[in-house]
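Visitor: Here is the input, now give the coordinates:
(4 chains)
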There are 4 protein chains.
Amino acid sequence: VSETKALWAGRFEQPIDEVAHRFSSSIAVDSKLWREDIRGSIAHARMLAEAGIIARDEAEQIIDGLTSIVSEIEIGVFQFDDSMEDVHLAIEQRLTEKIGAVGGKLHTGRSRNDQVALDERLYLKRAIPQIIDRAVDLISALLDQAETHVDTLMPGYTHVQRAQPVLLSHHLLAYVEMLGRDVERLRDCGSRLDRSPLGAAAFAGTSYPIDREAVANELGFSGTVANSIDAVSDRDYLIELASACSIIMMHLSRMAEELVLWSTTEFGFVTMSDAVTTGSSIMPQKKNPDMAELVRGKVGRVYGSLINLLTIMKGLPLAYNRDMQEDKAPMFEVVTTTHDSLEMMALVIRETTFDRDRMQQTTDQGYLTATELADYLVRKGIPFREAHYITGRAVAHAELREQPLQEMPLGILRSFSDKIEEDIYRFLDPATSVLEKRSPGSTNPEFVRNAIASWRTRLAVMAT
Amino acid sequence: VSETKALWAGRFEQPIDEVAHRFSSSIAVDSKLWREDIRGSIAHARMLAEAGIIARDEAEQIIDGLTSIVSEIEIGVFQFDDSMEDVHLAIEQRLTEKIGAVGGKLHTGRSRNDQVALDERLYLKRAIPQIIDRAVDLISALLDQAETHVDTLMPGYTHVQRAQPVLLSHHLLAYVEMLGRDVERLRDCGSRLDRSPLGAAAFAGTSYPIDREAVANELGFSGTVANSIDAVSDRDYLIELASACSIIMMHLSRMAEELVLWSTTEFGFVTMSDAVTTGSSIMPQKKNPDMAELVRGKVGRVYGSLINLLTIMKGLPLAYNRDMQEDKAPMFEVVTTTHDSLEMMALVIRETTFDRDRMQQTTDQGYLTATELADYLVRKGIPFREAHYITGRAVAHAELREQPLQEMPLGILRSFSDKIEEDIYRFLDPATSVLEKRSPGSTNPEFVRNAIASWRTRLAVMAT
Amino acid sequence: VSETKALWAGRFEQPIDEVAHRFSSSIAVDSKLWREDIRGSIAHARMLAEAGIIARDEAEQIIDGLTSIVSEIEIGVFQFDDSMEDVHLAIEQRLTEKIGAVGGKLHTGRSRNDQVALDERLYLKRAIPQIIDRAVDLISALLDQAETHVDTLMPGYTHVQRAQPVLLSHHLLAYVEMLGRDVERLRDCGSRLDRSPLGAAAFAGTSYPIDREAVANELGFSGTVANSIDAVSDRDYLIELASACSIIMMHLSRMAEELVLWSTTEFGFVTMSDAVTTGSSIMPQKKNPDMAELVRGKVGRVYGSLINLLTIMKGLPLAYNRDMQEDKAPMFEVVTTTHDSLEMMALVIRETTFDRDRMQQTTDQGYLTATELADYLVRKGIPFREAHYITGRAVAHAELREQPLQEMPLGILRSFSDKIEEDIYRFLDPATSVLEKRSPGSTNPEFVRNAIASWRTRLAVMAT
Amino acid sequence: VSETKALWAGRFEQPIDEVAHRFSSSIAVDSKLWREDIRGSIAHARMLAEAGIIARDEAEQIIDGLTSIVSEIEIGVFQFDDSMEDVHLAIEQRLTEKIGAVGGKLHTGRSRNDQVALDERLYLKRAIPQIIDRAVDLISALLDQAETHVDTLMPGYTHVQRAQPVLLSHHLLAYVEMLGRDVERLRDCGSRLDRSPLGAAAFAGTSYPIDREAVANELGFSGTVANSIDAVSDRDYLIELASACSIIMMHLSRMAEELVLWSTTEFGFVTMSDAVTTGSSIMPQKKNPDMAELVRGKVGRVYGSLINLLTIMKGLPLAYNRDMQEDKAPMFEVVTTTHDSLEMMALVIRETTFDRDRMQQTTDQGYLTATELADYLVRKGIPFREAHYITGRAVAHAELREQPLQEMPLGILRSFSDKIEEDIYRFLDPATSVLEKRSPGSTNPEFVRNAIASWRTRLAVMAT
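Guide: Here you go, the predicted model:
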């Protein structure tokens, strides 16, 4: 602490209180940014020398010092501990211990404010593509299952009531579409934050003739943040990411809910392998879909982090306020939870066996082609609302007899409407009914096959 | 209600309970979508005729009927009331009252599920550009003030402590940058939702040979949603919008906070005109920045709506569930609150007078160029951390004497370091110190002027 | 507007802007408080006369005027419209129109700040008992079903996997316990807010010799808020209520989820009557649990309102800030949504038929007494973890043969452990197994009967 | 992992995937509960022996083993690591390693479900009084400052505009009142959760003749949870705590906001000591109120955790679901953040010096007694609204001349109304005006002194 204090101690007569030190130290959280911090510092030092602000050999000493700190951290010689204030000061102090006073020159023309913003953006430039990769991998797992089950029939549900026959592949592709948009959102967010804030210094810029573009280029940014106050004051990129990840987790929670539902004895549509399920400590017969449940539960953490960030930033005047230090915990939580949940879900999908027969059987029982009957009647000239009424009565009759629609004799069917003829059974049998779907994007196997093929192509260019 | 019931009454023996009807009716909220609903229905009817699914004259009757309902609603002849279930059924029933049974043919090949999704997307296609226009107008108001105050000095703050001199124009431009990204986010969201879901029917598609592309084109969509289950199951576009608007409101809350702060007697930086302030019912001397406060308070509504939507969608299995009906209230709240807050803030900015003298005076008093002194010392070869220490002591000395840095005699300054020479005053005087800023994006008036000009150009193409 | 302006117009030269008026008017929301506002004003006027601050006949004129405004509002003669600023000013202006300048005396010794706080607290003193009544009614509906099904067996689930046999009544009583705590929370909140803020005036109190206790007594408060600044600055009571209601809605969402699940064809445990279900506009065979789904969806609105309120109040300096006007919409949303959802759920529970045979049948199939087997082995001296292992293997064996545990021959059972004897079947048969439960609070029918009886007694004193 | 697997491995053929193990392990979070877990196990073991379910010497072995594990953890011999699944299994396995198979008997008659719920409740029974102690300490710090400043005048603000003179002590007591209610809420929550869930086993209870009351007594609970399904299914107590803590943090954020505001150069009302402020790495003259800002920022974490918990529990069917494992991280975050923020704020309040002269001076300048003038006029028979108007014009006149109200000559004052006489100055001078306040709870020093005394008494019984 004493060394830390030295930085502003000129004006202070009393050391910071121990409780205050513990309360304000962020090292336990932000030490995860050490790689980004050192990368940024090396680029900054190099630029300072190029611009003639420090001497070339000073830059070399600094860069050598920083490089060896990387090794020290990796092999555990240098460790972060609670006595430190934050990762930035910890590294700078270590540097000064190693190379002496020249280490102090590293901070020329920058401030902790732009340094923190830089580290966060560098971290996200690395993290977002990793999340995208996991999303792409999950899409890939879904496409594999869709391919395997391109013709598997299942009951489509609304209100969790059996509604119409669909192909399992078509259902899985709905999630592929959602994840496709999720990837787009991540990309948009990634492009928007791909600007280097370094050079904003505290917030007003600096009188050193620094070269912001050079640093940005070296660090792989596509440009610089245009306004120095904006550069250190805003965290909209974190909130945008937290939003995109909240939507991803929302999508995953729905997938998880269905897996939990489908793995009940009552539905019996899927079996997940032992690799992704667990047993009970007291009920030996249980095989629990824990991984799906955990994904569903973890949505709370990401929603919570989003609210955390939004709350922190509400009503903060410009430029930097210390409240903003609290942005790092939710940043890491959002990234890690979303990444791991996507990874987990891809594994779960791969380790899931869909019970084709059970799904088919269930589809045959559920009066799922009632809509087809109604539409058939309409095509025979009956107004839709009347056709709907006729169909309702036919279904009620069938239900009383516990008889599938496709097994009702023609005579009975015709008692509800004499427009009904032999060809009705093509529409009443779930297996043939999907072939009758004609609207693009519908559950017709031909459309579904094309969609799979088109997604395969898209995936090839999507991976980062 | 009775007529509503008729739609599925074939199978039901008992009417819906009155409490349940009230609980489930959405007409009070979704009637705002009537224009979208009718526009969508007209396009659908036209396509049904083009595709030969209904007769041309049937389509004409339907379209005429719908068109006259528009007039009926506008002049108040047809009014929505609580006995109705939702806007879609209300309009369809009115149509059937007017043109008889042929009205029932309108529902051919579609379902309330894709109809609702269509109405929402049509509404957002109209609303998002309006929000963008309001954001652009606010940017424009900020640019005007920045232009007026391109050279006005003010103290830049961190931790709400005076820190370094900046130009008011530079500070205002920080918000312009934030709003610029806000507009981008709205655009991204707008493009992503610009797909017609119509033709998904309930969720599986339809056996009618409908032309989804034709309807999409007529309604101005850039394409169709690819997967019919996805089309009716997801609301990610609403959540993405709510996120983008939450970030906008967060930005506005910060602007509002500063206006409240700056209009205190203590700061005294701004006066807002009577047009956007109010008095007190008991304290006659008060002139309250109510509009800014309300904008700041309304951030809660948008954050709350975001959580509302995220909560609704958590863990919902596919495809449609009735929970999703609850998405409309937060959708309207997000759109209206954000739109009106942007509009209000543009007016407030225009009605605000910045007190140039007071800002200048405050800048002169605040030891704001201490950093410049430290940097000066560094350029004279003193390591940054040492320079920082020297400066700290000089400031402490000046503070004791209540003397601005720029008024400290050279002799005193040199007692802290003999590297200090006459040219130091160029850096210590706030007015000249900003001219010394050399990093792109800094508070140098030249950079700021260029930024204003460049934003003017950008705005010209930004308006919708 | 012009009249409204008159209140502080002495110092203002320009009227408020039309956009600003619309933006800041709260009449559309707060007019719901008109009864409370008038009740509070009548009590205040009476006290002013008692304390000799205004004349008795002035008080009478004011009270008569206010009383006749009640009638005017009830019969629609006086209507609130958008030109008004808020309910308080609207009523006061109407009063002055009716009785002249003496109406202005009503505002003596109070301010809009304490008046708003009073109206809110009066409203909540009325609303909270109504919510409690609805919760009590739902408890009552659950107890009725529990009584009917005191012996109905069902599979208890963890991870939505069948786990152990329980009584349906026992399951329903779990919700009764939750709702019991919900009622306690509402009561705690209700007591805490049961203090009159009137007399705090703007925030500093008043130099009039008002009698705060007298007004509090007349309005039925149990006391007054102790500190005048606190009285107008805080809204913790609203947040506490929103939290208590969020927990209620969370509980209801779980009940709703189970009803949706149990009404699937796959589970088939319940049928809800036509009074609380709806059909599909396109799928005539559907019978959708819409009311349960809507309750589940509406949880989002209450969570969202909680976040709305928490956000508004974050970081607001004392005393009143205009941001706080935004508290009313979430207040009404929380109260109405929770009240109506409880009411709806009580109706749903009453209109639900539990399928005793299906539940029993499912219980018999599910290896649900595996734990009993394990415990049996432990009682025979086998360490728990080993007993668990043996049971796991026995279940695996039974599952392969699709045979319920209770139907496995003794010989086979003994092949897993020779400690197993004839008496094992008492534990393996679900129907007898619940009788073997001995821990208080367990699913033993005797405990459950007692719990029902004890809740009946508790309910009698619980109703408000 | 292998040993962990053994628990349900009887039925599983394949080990859990490594990714799934990492994803589902909670040891990094829940190991904080080790004390509670061992305490609960010891009580359970003792009861098992008392009830004759296990032998006395078995219980002794178990208790000795558990006791020595306490030492092992404390001195670091036994350490938790990522290979473990959770704290409960880690300790049980360690026990079995130490004392052999008899360790397995500990799990007799209980399940991880009731064990987890027990550990949480035990933890909260310890944590809540600690939070209360910190709140009480903050109240105490506020009372000390209020006592020191019982007569210090300051401008009371609404809309952050100077409004009326108040005593600083009165202002500080507003926070005391808020914190007083916060403590009540914590107590209510603490009482409500003070029930032992142990004995619920998985959720249905157990056939062992366990003594739930005995365990509850030994662990210091005031009773047992009545319904076994409820005991393991709900987490309302966590949400209630998170709500109470959210309100505390909201209150602290307001206090923090005021401290930030008041420590600006512009307000200049307070100076915080070096012990609780920090400097800037680049601006040596800065003295930043970081601790207050961090408290304000940390409100986000608690709001976020509240939403996290509410989201997790939304729509979960009974009884236990693995989602609920995710409740522990927010539980610890809520407890730690709130505890530390209260502790920090007490320190900040103690380390803050209020600048009596500056506050007094500011009070004198602000037309703060305008209301008094208006009230004075009313007492002279002028209707309130007219008095208000007259006062408004008088203030406008004074403002133009930059003259405090109390320094306006009587002649000028009388030009606005001839009812004004010499005694007006008693009301216009802030220092005497507070003495004129007569409503209980107002800023009259007599009321304030009584309030301080009464809070001192209350505090004596409040500390836990």
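Visitor: what's the spacing between the residue in the stretch 251-400 of chain A positioned nearest to chain D and residue D:29?
Guide: Chain D sits closest to residue A:279 of the stretch 251-400 of chain A, with a gap of 2.3 Å, by CB to the nearest CB. (Glycine included, C-beta is placed from N, CA and C.) Applying CB to CB, to the nearest Å, the value for residue A:279 to residue D:29 is 22 Å.
Visitor: So for those two, which residue has more residues nearby?
Guide: Neighbours per residue (other CB atoms under 10 Å in any protein chain shown) separate residue A:279 from residue D:29, with residue A:279 holding more: 23 against 17.
Visitor: in terms of contact, does that one touch residue A:290 like I think?
Guide: No: in this structure, residue A:279 is not within contact of residue A:290 by CB atoms under 8 Å, at 9.5 Å.
Visitor: Now do residue A:1, the pLDDT please.
Guide: Note on residue A:1: pLDDT of 29.
Visitor: again, but for residue A:5
Guide: Looking at residue A:5, its pLDDT reads 43.
Visitor: buried stuff in stretch A:142-152?
Guide: When burial is assessed from 16 or more other CB atoms under 10 Å in any protein chain shown, stretch A:142-152 yields the following buried residues: A:142-143, A:145-146, A:149-150, A:152.
Visitor: Actually, stretch A:401-408.
Guide: Neighbour-count burial for stretch A:401-408 [16+ other CB under 10 Å]: A:404-406, A:408.
Visitor: For chain D, state which of these is nearest.
Guide: Nearest to chain D out of those is residue A:404 (CB to the nearest CB; 29.6 Å).
Visitor: Compute the distance between that closest one and residue D:305, please.
Guide: From residue A:404 to residue D:305 the distance is 51 Å (CB to CB).
Visitor: Equivalent analysis for residue A:197, please.
Guide: Using CB to CB, we find residue A:197 at a distance of 29 Å from residue D:305.
Visitor: okay, the two: which has more neighbours?
Guide: More crowded of residue A:197 and residue D:305, by other CB under 10 Å: residue D:305, with 32 against 28.
Visitor: mind checking how far stretch A:236-256 is from the chain centre?
Guide: Taking CA atoms, centre = their mean, to the nearest Å, one finds the center of stretch A:236-256 at 5 Å from the center of the full chain.
Visitor: And for stretch A:403-416?
Guide: Relative to the mean C-alpha coordinate of its chain, stretch A:403-416 is positioned 49 Å out (CA atoms, centre = their mean).
Visitor: thinking again about what came up before, save the buried residues of stretch A:401-408 as JSON lines, and put in distance to chain C too.
Guide: Shown next, in JSON lines, are those (distance: CB to the nearest CB, whole Å):
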{"residue": "A:404", "distance to chain C": "11"}
{"residue": "A:405", "distance to chain C": "8"}
{"residue": "A:406", "distance to chain C": "13"}
{"residue": "A:408", "distance to chain C": "13"}
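Visitor: Mind putting those residues into JSON lines with distance to residue B:201, pLDDT and secondary structure?
Guide: JSON lines is the format used below for the buried residues of stretch A:401-408 (distance: CB to CB, whole Å; pLDDT from 0 to 100; DSSP: H, G, I helix; E, B strand; the rest coil):
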{"residue": "A:404", "distance to residue B:201": "22", "pLDDT": "89", "secondary structure": "coil"}
{"residue": "A:405", "distance to residue B:201": "18", "pLDDT": "87", "secondary structure": "helix"}
{"residue": "A:406", "distance to residue B:201": "20", "pLDDT": "89", "secondary structure": "helix"}
{"residue": "A:408", "distance to residue B:201": "24", "pLDDT": "91", "secondary structure": "coil"}
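Visitor: of these, closest to residue C:416?
Guide: residue A:404 (42.0 Å; CB to CB).
Visitor: How about the contacts made by that closest one?
Guide: Contact partners of residue A:404, counting by CB atoms under 8 Å, 6 or more residues apart in numbering or on different chains, are A:364-365, A:367, A:398.
Visitor: what about the helices in the stretch 51-200 of chain A?
Guide: Ranges of helices within the stretch 51-200 of chain A are A:56-75, A:87-99, A:112-148, A:168-192, based on DSSP state H, counting those that start in this stretch.
Visitor: and of these, who's closest to chain D?
Guide: For these, proximity to chain D was assessed by CB to the nearest CB; helix A:112-148 is nearest, at 4.9 Å.
Visitor: Mind checking if the closest one is in reach of chain B?
Guide: Yes: applying CB under 8 Å from any CB of the partner chain, one finds helix A:112-148 touching chain B at residue A:113.
Visitor: Who are the packing partners of that helix?
Guide: Packing partners of helix A:112-148 (3 or more CB pairs under 8 Å, 6 or more residues apart in numbering or on different chains; DSSP states H and E): helix A:34-50, helix A:87-99, helix A:168-192, helix A:228-233, helix A:236-262, helix A:328-350, strand A:352-354, helix A:445-462.
Visitor: Distance from the fourth one to the middle of the chain?
Guide: Okay, so that is helix A:228-233. Chain-centre distance of helix A:228-233: 27 Å, with CA atoms, centre = their mean.
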